[in-house]
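Novice: for reference, the sequence and a predicted model appear below.
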Amino acid sequence: MNPQYDQGMYASIQAGVRSLDNTIDAFFLLPVDYVSVRPETICSLLRVYEAGPWAVVYPVYQGQKGHPPLISTKLRNRILEEEPEGGLRALLEKESLNKAEIPVRDQGILLDLDGDMDYQEMIRGILPLFPTRRECLTILREKQLPEAVLAHVRAVSELSVRLAEHLNSRGLRLHLGIVQAASLLHDIAKGEDDHALKGSLFLTGLGYPEVAEIIASHMVLAPEHQNRINETTIVYLADKLVFEDKVVMLAKRQEDLLGRFQEEAARQAVKEKIGQAALIQKKIERVLGFELEKTWKRLFSW
């Protein structure tokens, strides 16, 4: 506790630093209103610090430093001196200090909670964990995927989100953030063997298990999702309805896919995938009360 809380933030920082015992090598400085920093960010900062030596390690999101910096206790005495002009930031920015800046895929390092609007915006992205659209686009850029793949995932995402919105208007409770993230990132490992599994493992490593599960099933639908309407089947169907970056009928998509394969086993797999998509489409149409293929342009601007 800081008995001198009325003297400002620097006094609180000093109280915290003063309480650290001599066995501690470094500490995170995380203001109480930064509530959505992800565990993977903390782990990344620790790994870099341990490979140091560093006086301070900053998380950086799209070129902006955020919270929490990881600060060496070697700076303890300097921090406990009289507050410098510009506060702790000015002290840490001194050129003589050995600093590291670590890019992270975590917009939460920049998001502080100052009011109700901030809260309403923030909870959309932290329960459950999923990357925001901005974070998804950052991940896609980092992967340097071909433009054709980027155009495809954008189209799949638009269709997925529109479908989910219409279904929610009929009483379903689909998570639009999860749908958007999974549809944007479903081909993140495109070009690799078993790209659905590779993409799922990649998203699991980033700390997004719900998104990873959907990506794992976007090529072959897991049994527990068959004949259901949920976030996984929405993305599965949208992926089958989008050829390159255009929405097509399932029959047309099946015709295109069958033209790529000569082996009977591969052709049978195509028919099963499209057949599963057709079952999902019919279930969705029963909920919505109309046939999707007759209303693409009116509903989805294609």
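Specialist: Sure thing, it's come through. Numbers count the residues shown, from 1 in each chain.

Novice: so where's the stretch 151-300 of the chain shaky on pLDDT?
Specialist: Applying pLDDT under 70 to the stretch 151-300 of the chain flags the ranges 296-300.

Novice: for it, what spans make up the helices?
Specialist: 176-185, 195-206, 209-216, 231-241, 250-258, 264-288, 296-300 (DSSP state H, counting those that start in this stretch).

Novice: now the fifth one, how far from the centre of its chain.
Specialist: On the basis of CA atoms, centre = their mean, to the nearest Å, helix 250-258 is displaced by 31 Å from the centre of the chain it belongs to.

Novice: one more: the third one?
Specialist: Helix 209-216 has its average C-alpha position 11 Å from the chain's average C-alpha position, going by CA atoms, centre = their mean.

Novice: list the buried residues in that helix.
Specialist: 210-216 (16 or more other CB atoms under 10 Å). (Each C-beta comes from the backbone N, C-alpha and C, glycine too.)

Novice: again, but for stretch 163-173
Specialist: Across stretch 163-173, burial judged by 16+ other CB under 10 Å covers 163-164, 166-167.

Novice: with stretch 82-97 instead?
Specialist: Residues 83, 88, 91-92, 97 are the ones in stretch 82-97 that count as buried (16+ other CB under 10 Å).

Novice: how far does that stretch stretch from one end to the other?
Specialist: 19 Å (CA to CA, to the nearest Å).

Novice: what is the mean pLDDT for that stretch?
Specialist: Mean pLDDT, stretch 82-97: 86.

Novice: gap between the residue nearest to V60 when sequence neighbours are not counted and D114?
Specialist: Leaving aside its sequence neighbours, V60 sits nearest to E101 (CB to CB, 6 or more residues apart in numbering; 4.8 Å). Counting by CB to CB, to the nearest Å, the separation of E101 from D114 is 25 Å.

Novice: could you check which of these two is surrounded by more residues?
Specialist: E101 (13 against 9; other CB atoms under 10 Å).

Novice: okay, domains of this structure per the record?
Specialist: Split into domains by automatic domain parsing, the chain comes to 5-110, 133-300.

Novice: give me the three-state assignment for the residue positioned nearest the centre of the chain.
Specialist: Geometric centre of the chain, nearest residue: P131, 1.7 Å, by CA atoms, centre = their mean. Put simply, P131 is coil when judged by DSSP: H, G, I helix; E, B strand; the rest coil.

Novice: go ahead and confirm it touches R105.
Specialist: Yes. Between P131 and R105 there is a contact under CB atoms under 8 Å: 6.8 Å.

Novice: okay, and the common contacts of those two?
Specialist: Counting by CB atoms under 8 Å, 6 or more residues apart in numbering, the contacts common to P131 and R105 are 139, 206.

Novice: distance from stretch 176-187 to the middle of the chain?
Specialist: From the chain centre to the centre of stretch 176-187 is a distance of 8 Å (CA atoms, centre = their mean).

Novice: picking that back up, between the buried residues of helix 209-216, which sits nearest K190?
Specialist: Taking CB to CB as the measure, I215 is the one of the buried residues of helix 209-216 closest to K190, at 11.1 Å.

Novice: mind listing what the closest one touches?
Specialist: 182, 185-186, 188, 196, 199-200, 203.

Novice: nearest to L46, of these?
Specialist: Nearest to L46, judged by CB to CB, of those is L203 at 21.6 Å.

Novice: quick one: contacts for the closest one?
Specialist: By CB under 8 Å, 6+ apart, the contact set of L203 is 185, 188, 209, 211-212, 215.

Novice: now V161
Specialist: By CB under 8 Å, 6+ apart, the contact list for V161 reads 176, 179-180, 183.

Novice: can you say which of the residues you listed are buried?
Specialist: For these, buried by 16+ other CB under 10 Å: 179-180, 183.

Novice: what about D33, how many neighbours?
Specialist: For D33, the neighbour count with other CB under 10 Å is 11.

Novice: mind checking the SS state of it?
Specialist: Per three-state DSSP, the local secondary structure of D33 is coil.
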